[in-house]
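> Okay, predicted coordinates and the sequence, questions at the end:
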Amino acid sequence: MGLQQILFIIFGTIALGAAVAAVVLRNAFHSALALAGSCLGVTGLLVLLGAPIVAGVQALVFIGGIAALIRFGPAPLREMTRQDQLGHNRWWWAGVVVAAALCAVIVWMVFGVGLDLAPDPAFIPSGSIEALGISLVSVEGFVLPLVVIVLILGVALAGAARLVRRQ
Amino acid sequence: MAPLAWYLALAAGLFCVGLYAVLARRNVVTILMGVVLMLNGVLVNLVAFWRYAESGAADGQVFALLVILITAAEVLVGLALAIAMWRERGTAVVDDLESLRE
């Protein structure tokens, strides 16, 4: 077993274990910490896959933004995660059955199909960063979708601020 | 390098843990955390397929970045709606919000 596979197992265990902890723990503070830990594991996996820019943006947005916002955000958010507001609904067992069945079907299909894709041996991470940069600013690339998404994000920010503002 | 199937299986696990949170939790903030976990699984899938199938182009990374930005917008609006709901109704439990059914 190579170093990359050992690192995959470490980061994968962190990502999956922390994700389970985030949805099972009853304490909101611990739950938000576990969510940040899961995002950290995913960040490690993205670096392993040779996408450091995506990993950096993921860490900034999910760990620095969302997990911190949930835990250290405005006072109503802290009140909303009081003990009496948490817990599972009475159909939680149906959620377990559906999630476990879906996971089993996907894993069975993934290993049953026998994917024979192999990574490109000539892949260079710095080359992929350059290709990403060119693709994001090129008219033939993805500059239009990026502008649209940034506009959507701006509208969402303005709308969220309007919703949260006290009357 | 780890086989592609390992990444896909892990992504399926992350997605299903998030799905469980969406289906079984009562609090709107924890449901949003479940949605974030589901999108993390999608992100791993996108980047893994890019790396194994088409690492010469940047398309997979661009899609992953767009998914991250959309997730940020979705969580922002979701949390803002949850705060507005808390101020209006004094609850963050989705089972208590049945007015849309009436």
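The structure has been received and is ready for your questions. Residues are numbered from 1 along each chain as shown, chains lettered A, B, ... in the order given.
> On the pLDDT front, check B:V36 for me.
On the pLDDT scale, B:V36 is placed at 92.
> SS state for the most centrally placed residue in chain A?
In chain A, the C-alpha nearest the mean C-alpha coordinate belongs to A:C39, at 5.4 Å (Cα atoms, centre = their mean). Of the three states, A:C39 takes helix according to DSSP: H, G, I helix; E, B strand; the rest coil.
> Please tell me the pLDDT value assigned to it.
The per-residue confidence score, pLDDT, reads 92 for A:C39.
> swap in B:A57?
We have a pLDDT of 77 for B:A57.
> where's it relative to chain A, distance?
Distance from B:A57 to chain A, counting by Cβ to the nearest Cβ, to the nearest Å: 7 Å. Every C-beta, even on glycine, is put in place using the N, C-alpha and C of the backbone.
> swap in B:S99?
Look at B:S99 and chain A: by Cβ to the nearest Cβ, they are 17 Å apart.
> quick one: that residue from B:M85, how far?
The span separating B:S99 from B:M85 equals 11 Å under the rule Cβ to Cβ, to the nearest Å.
> which of these two has more neighbours?
B:M85 (19 against 7; other Cβ atoms under 10 Å in any protein chain shown).
> My guess is the more buried one contacts B:A92. True?
Yes: with contacts counted by Cβ atoms under 8 Å, B:M85 reaches B:A92, the gap being 7.1 Å.
> Quick check: neighbours shared by these two?
A shared contact of B:M85 and B:A92, defined by Cβ atoms under 8 Å, 6 or more residues apart in numbering or on different chains, is any residue touching both; here these are B:V28.
> Touching, A:V164 and A:L69? I think so.
No: with contacts defined as Cβ under 8 Å, A:V164 does not count as touching A:L69, sitting 11.5 Å away.
> When the two are compared, which one has more neighbours?
A:V164 (19 against 15).
> Count the neighbours of the spatially closest residue to A:L46 that is not a sequence neighbour for me.
Nearest residue to A:L46 in three dimensions, chain neighbours excluded: A:A55, at 3.7 Å (Cβ to Cβ, 6 or more residues apart in numbering or on different chains). A count of neighbours around A:A55, defined by other Cβ under 10 Å, yields 21.
> lowest-pLDDT helix or strand in chain A?
The element with the least model confidence among the helices and strands of chain A, by mean pLDDT, DSSP states H and E, is helix A:68-72, at a mean of 69.
> How about the contacts made by the residue nearest to the centre of chain A?
Residues touching A:C39, when contacts are defined by Cβ under 8 Å, 6+ apart, comprise A:58-59, A:62-63, A:67, B:36, B:40.
> In contact with B:A11, which residues?
For B:A11, the contacting residues are B:41-42, B:44-45, B:48, by Cβ under 8 Å, 6+ apart.
> Which helix or strand contains it?
Here B:A11, judged by DSSP states H and E, is contained in helix B:4-24.
> What pLDDT does the model give residue 89?
Assuming you mean chain A. The per-residue pLDDT reported for A:N89 equals 78.
> Hmm, no, I was thinking of chain B.
81.
> wait, what's in contact with it?
With contacts taken as Cβ under 8 Å, 6+ apart, B:R89 has the following neighbours: B:96-97.
> likewise the one 10 residues further on?
Contact partners of B:S99, counting by Cβ under 8 Å, 6+ apart, are absent.
> Quick check: which ranges of chain B have low pLDDT?
Scanning chain B with the threshold set as pLDDT under 70 gives B:100-102.
> actually chain A, not the one I wrote
Across chain A, the ranges flagged by pLDDT under 70 are A:67, A:70-73, A:83-85, A:125-127, A:166-167.
> Domain-wise, how is it divided?
Residue ranges for each domain of chain A read A:3-117, A:121-167, as given by automatic domain parsing.
> how long is the first one end to end?
Meaning domain A:3-117. Its start and end residues considered, domain A:3-117 measures 20 Å (Cα to Cα, to the nearest Å).
> Lovely, talk soon.
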